[in-house]
Structures are given as C-alpha cells and as structure tokens.
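# Give me a 3D structure for the following:
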Amino acid sequence: MKIAVSTWLWTSPFTTETVGLFSKIKSMGYDAVEIPVEYPEQIDGRAVNSALKDHGLEAIVCGAFGPSRDLTHDDPAVHDACFHYIVKCFDLCNEWDANFLAGPMYSAVGKARMVSAEQRKVEWERAVKNIHKVCMLASERSLEIALEPLNRFESDLINTSEDVMRLIKDVNHPAAKILLDGFHMGIEERDLEEAILTAGEKLIHVQVSENYRGTPGTGQTPWDSFRRGLTKINYNGVVSIESFTPEIKELAGAVCIWKNLAPSQDEFAVQGLSFLKRLLNA
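Numbering: from 1, shown residues only. Purely as a prediction, here's the structure:
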C-alpha cells in the first residue's frame, strides 16, 4: 500500500501555485498527493504534471460536488453542468496518469433531507442513470470512478458500503468502483472490517482521518478492524489522509471544522504518516 495526503490539509482551492506543497509532501515521506479539483479553470494541468514528476509523486484526483454539481437535481441543466465539470476532471486525470476520479459524484454534498419514498426513488433513478453516463465518459478515457459514501449529515442518498454497492449494482458498468473514507465509516458503519469486505474488489481508494477528523492514531477509530479488512481483500491501492485546515474559512465552514485539530498542519501530516506506516507496514 502507498500513502498519500490531501492538499486540503493545508489549503483550498487547489491551483497551479499549490504545487509549492509538493516538495514538503515528498520530503515527509509520502508516495502520492491527493488533489481536490474544485475549479479546473484555476489549474494548469501541464505545469502540475511537471511538478508531480519533479518530486516523484503520484496523483489521486478527487472531485468537489456542491449544489451546482448535483446529478439528482430536478433541473437537467444542473446535470449538464456537472457532466462538463467531471469531463474537465477526467482530462486532468489523463494528464496526470491517474487511473480514476474519486468523490461523492452521485449527488451534492450537504443534500441531507427527510424526503418521501417516491422522491427518494426518483432521485435514486436519476443517480443511477447519470452515474452510468459518467461511467461511459470515463471508459472513453480509459478511466474508472470511485464513488464515496458520506455520513448522514452530508448525504441522504449513499451512507454505507452496502448503499454504494447497491448503487454500483444498479448502474451496472465496470467503471463504477468505490472509495471508502474512514471518517464517514466511523459514523455510519457497524463494523469497519465488514464494510471493507462488503466493498471487496470494487474498493480502489481509501481515505482516513480520526473519528474527530484529526490525526490518524489519536482518537477512537478501531484501526485493527480497518487493517484486517484491507488485508483480507488484498488491498494494494493508496491510503490517503484527508482532513482540513480551519484557516481557509469557506472550506472550514463547509466541513464544520472550527478549531485546529493538531498543533500544526505539518505535524498532523508527519504524525499521521508515521502511524499509518506502522499500521499498514507501508
């Protein structure tokens, strides 16, 4: 297994200038960097690719899906805008030799409501139809997608490994795969090991932080269960630390982080990497 860290730990949004973090990330000992693409127009893909090669880092590409990028929206124009954005992300994946785009692209983050069974069925069918289209677009570019369940406070559609497996079954396309995030799992799953086994060979990316979004190894996460699950499915992808800085107010407000979760973001990254290397023998 390889270990990555998201640039969201330090800043948002990712722009061409964010490659200034790559030297530090590499010197800490990371194998890869997770790049959240909020605004593709702010990123010079060629320049970022050059920086990745200069520092010997692999890229993991994640999408950001707010209300204007909602594949379950009532307005088809919103779907079209989301498809356009996803294609831009796919272009960056191809430029950076990344094999997949990750994220909760089935709906908008923060869309958490009590709706009728009829409305839920409508939105589920929209997600299935539109994610199938996304899979076709991905396949045309020799890519896959990694669909991420979110906790109940961030989504009312896909919360668990079982939920995302049902979506993948309905989508019925080989490009549809899974990302599991230990933070969301800690809220929604009864057993981390069983959740990972449920995803099985469909699991192509993993994100981690502590139960409170802090440094891995400093909270209540049952890490032995997490490790056993990855071992049993012979997971050989990337495990990426994803957390956020309260210094970027728009991002902090979106993820409800109101205070520092470590003495510094650099210490967060260094200690988190050290813990994961011991846990995973990486």
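# The residue lying farthest from the centre of the chain: what secondary structure?
What lies farthest from the middle of the chain is Glu118; by CA atoms, centre = their mean that is 29.2 Å. For Glu118, the assignment made with DSSP: H, G, I helix; E, B strand; the rest coil gives helix.
# Let me see the ranges of the strands in the stretch 151-282 of the chain.
When assigned using DSSP state E, counting those that start in this stretch, the strands of the stretch 151-282 of the chain occupy the ranges 176-181, 203-208, 238-241.
# for those strands, which one sits closest to Glu193?
Minimum separation from Glu193 across the strands of the stretch 151-282 of the chain (CB to CB) falls at strand 176-181, 11.6 Å. All C-beta atoms are positioned from the backbone trio N, CA, C, and that covers glycine.
# Need the contact partners of the closest one.
100, 102-103, 131, 135, 144-150, 161, 164-165, 167-168, 195-196, 199, 202-208, 242 (CB atoms under 8 Å, 6 or more residues apart in numbering).
# sorry, back to before: per-residue pLDDT of the residue farthest from the centre of the chain, please?
On the pLDDT scale, Glu118 is placed at 95.
# and it, how far is that from Asp163?
For Glu118, the distance to Asp163 (CB to CB, to the nearest Å) stands at 19 Å.
# quick one, helices of the stretch 51-200 of the chain?
76-95, 117-140, 161-171, 182-188, 192-199 (DSSP state H, counting those that start in this stretch).
# for those helices, which one sits closest to Pro67?
Using CB to CB, those put helix 76-95 closest to Pro67, at 8.2 Å.
# That closest one vs helix 117-140, what angle?
If you take axes from the mean of the first three to the mean of the last three CA atoms, to 10 degrees, helix 76-95 sits at 30 degrees to helix 117-140.
# neighbours around Ala77, how many?
Neighbour count of Ala77, defined by other CB atoms under 10 Å: 8.
# Distance check, Met177 against Asn260.
For residue 177 the amino acid is Lys, not Met. Lys177 is 34 Å from Asn260, by CB to CB.
# In terms of neighbours, single out the busier of those two.
Lys177 (23 against 13).
# and that one, bridged to which residues?
Beta-bridge partners for Lys177, by DSSP bridges, are Ala146.
# Which pLDDT value belongs to it?
For Lys177, pLDDT reads 98.
# what's the answer for Lys249, then?
80.
# quick one: it and Ser12, what's the gap?
From Lys249 to Ser12 the distance is 10 Å (CB to CB).
# So if I had to pick from these two, which one is more boxed in?
The residue with more neighbours, out of Lys249 and Ser12, is Ser12; 23 against 10, by other CB under 10 Å.
# With adjacent residues omitted, what lies nearest to the more buried one?
Leaving aside its sequence neighbours, Ser12 sits nearest to Leu251 (CB to CB, 6 or more residues apart in numbering; 4.1 Å).
# residue closest to the middle of the chain?
Centroid check for the chain by CA atoms, centre = their mean gives Gly103 as the closest residue, at 4.4 Å.
# Touching, Glu148 and Pro104? I think so.
Yes: in this structure, Glu148 is within contact of Pro104 by CB atoms under 8 Å, at 4.6 Å.
# Can you pull the residues that touch both of these two?
Ile158.
# Need the nearest residue in space to Asn260, chain neighbours excluded.
Spatial nearest neighbour of Asn260, excluding adjacent residues (CB to CB, 6+ apart): Pro246 at 6.0 Å.
# re the thing from before, which residues sit in contact with the residue nearest to the centre of the chain?
Applying CB under 8 Å, 6+ apart, the residues contacting Gly103 are Cys62, Gly63, Ala64, Phe65, Ala146, Leu147, Glu148, Leu179.
# Please convert those to a markdown table, extending it with distance to His79.
Putting the contacts of Gly103 into a markdown table (distance: CB to CB, whole Å) gives the following:
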| residue | distance to His79 |
| --- | --- |
| Cys62 | 20 |
| Gly63 | 15 |
| Ala64 | 17 |
| Phe65 | 12 |
| Ala146 | 20 |
| Leu147 | 16 |
| Glu148 | 19 |
| Leu179 | 21 |
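# for the residues you listed, which one is nearest Ser27?
Out of those, the member with the shortest distance to Ser27 (by CB to CB) is Cys62, at 22.8 Å.
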